[in-house]
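> Need a 3D model of the following:
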Amino acid sequence: MDDKRKDHIYTRAYALAASGCHVDPRTIISTLKDEGYPEAADVLDDAQIHNDLRRVCKRNWAGLRLVSLNNKQP
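Predicted structure coming up:
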């Protein structure tokens, strides 16, 4: 696999994490596979990358924002 394809997988993984639609790296990898990147699991197979993606997911997860908004008092 060429470096350009790897770079795209990394970039896309972080964009998916920041989208607010993913809770953890597993769903990101699944989405990447669905988008035509069957090697995504191998490319992202690193504990530090998984931890970084989890942090980005946690910070941006839409479900977390919705819970927060629902708990605010008028």
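
> Going by C-alpha atoms from here, please, whenever you check contacts or count neighbours.
Fine.

> Give the closest residue to the spatially most central residue of the chain in space, chain neighbours not counted.
Centroid-nearest residue in the chain, with C-alpha atoms, centre = their mean: Ala17, separated by 2.9 Å. If the residues on either side of it in the chain are set aside, Ala17 comes closest to Cys57, at 4.7 Å by C-alpha to C-alpha, 6 or more residues apart in numbering.

> quick one: what helix or strand has that neighbour in it?
helix 47-60 (DSSP states H and E).

> Now do that helix: distance to the chain's middle.
Here helix 47-60 shows a centroid-to-chain-centroid distance of 7 Å under the convention C-alpha atoms, centre = their mean, to the nearest Å.

> tell me which residues in that helix are buried?
Ile49, Leu53, Arg54, Arg55, Val56, Cys57, Lys58, Asn60 (16 or more other C-alpha atoms under 10 Å).

> Same question for stretch 34-43.
Those would be Tyr37, Glu39, Ala40, Ala41, Val43, for stretch 34-43 by 16+ other C-alpha under 10 Å.

> Can you lay out these as JSON lines showing pLDDT and distance to Ile29?
Formatted as JSON lines, these follow (pLDDT from 0 to 100; distance: C-alpha to C-alpha, whole Å):
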{"residue": "Tyr37", "pLDDT": "97", "distance to Ile29": "9"}
{"residue": "Glu39", "pLDDT": "97", "distance to Ile29": "9"}
{"residue": "Ala40", "pLDDT": "98", "distance to Ile29": "6"}
{"residue": "Ala41", "pLDDT": "97", "distance to Ile29": "6"}
{"residue": "Val43", "pLDDT": "97", "distance to Ile29": "10"}
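
> from those residues, which single one is nearest Ile9?
Distance to Ile9, by C-alpha to C-alpha, is smallest for Ala40 among these, at 6.6 Å.

> Just confirm Cys57 contacts His22, I think it does.
Yes - using C-alpha atoms under 8 Å, Cys57 is in contact with His22, at 6.0 Å.
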